[in-house]
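Asker: A predicted structure for the sequence below; I have some questions about it.
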Amino acid sequence: MEIREAAACGITERRFVLEVEPEDLPDVYRIFLYAGSGAGHYDEEVREDLLEQLSYIVGPAVEEELSEDADVSSMRWQEDDGVFCLTFQETNAPALYRIFQAVDHPGEGFDEALNARLAEEILALAPSLLENLPVINR
């Protein structure tokens, strides 16, 4: 699992990709589920790693308020050669950062519609990996 800057030839806004290997996808999916409802469980180390990578790779922009002109509809999951990729722009990074932080207070302080959409997109891309995933609290 890695967050990296995507090539930005001639584009003024920085673009990023969260790349997730199939074996790590359930851990990321559980974070989205837990952030939305508080149901289930998630791996704290995975969440901390994602927060640290976002902070380091994107920079201080993740801590800023989401700008009103930020188009979160451009954030999309896709599969690329067996790797699951979430593409996002620097202006969208705070929205993603807030979702990963939201597990501390599920259902609060983030874009719930975006969280639900991203979770649904992951499930649609990898139903065989995620449909029968246990989401019980441990």
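Answerer: Arrived safely.
Asker: show me the contacts for the residue nearest the centre of the chain.
Answerer: The geometric centre of the chain, computed from its C-alpha atoms, lies nearest to residue 96 (C-alpha atoms, centre = their mean), at 5.3 Å. Residue 96 makes contacts with 18, 54, 62, 75, 86, 88, as judged by C-beta atoms under 8 Å, 6 or more residues apart in numbering. Glycine gets a C-beta too; all of them are placed from N, C-alpha and C.
Asker: Might you specify the subset of these located within strands?
Answerer: 18, 86, 88 (DSSP state E).
Asker: one step back: reformat the contacts of residue 96 as JSON lines; add distance to residue 113 and neighbour count.
Answerer: Putting the contacts of residue 96 into JSON lines (distance: C-beta to C-beta, whole Å; neighbours: other C-beta atoms under 10 Å) gives the following:
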{"residue": "18", "distance to residue 113": "19", "neighbour count": "21"}
{"residue": "54", "distance to residue 113": "20", "neighbour count": "23"}
{"residue": "62", "distance to residue 113": "20", "neighbour count": "20"}
{"residue": "75", "distance to residue 113": "12", "neighbour count": "21"}
{"residue": "86", "distance to residue 113": "16", "neighbour count": "20"}
{"residue": "88", "distance to residue 113": "15", "neighbour count": "24"}
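Asker: Going by distance to residue 29, which of those wins?
Answerer: Comparing the contacts of residue 96 against residue 29 with C-beta to C-beta places residue 86 closest, at 11.5 Å.
Asker: how about JSON lines for the ones in strands among the contacts of residue 96, with distance to residue 118 added?
Answerer: What follows is the ones in strands among the contacts of residue 96, written out as JSON lines (distance: C-beta to C-beta, whole Å):
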{"residue": "18", "distance to residue 118": "10"}
{"residue": "86", "distance to residue 118": "7"}
{"residue": "88", "distance to residue 118": "10"}
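Asker: Sketch out the helices for this structure, chain order is fine.
Answerer: 25-37, 44-53, 93-101, 112-125, 127-130 (DSSP state H).
Asker: Alright, that wraps it up for me.
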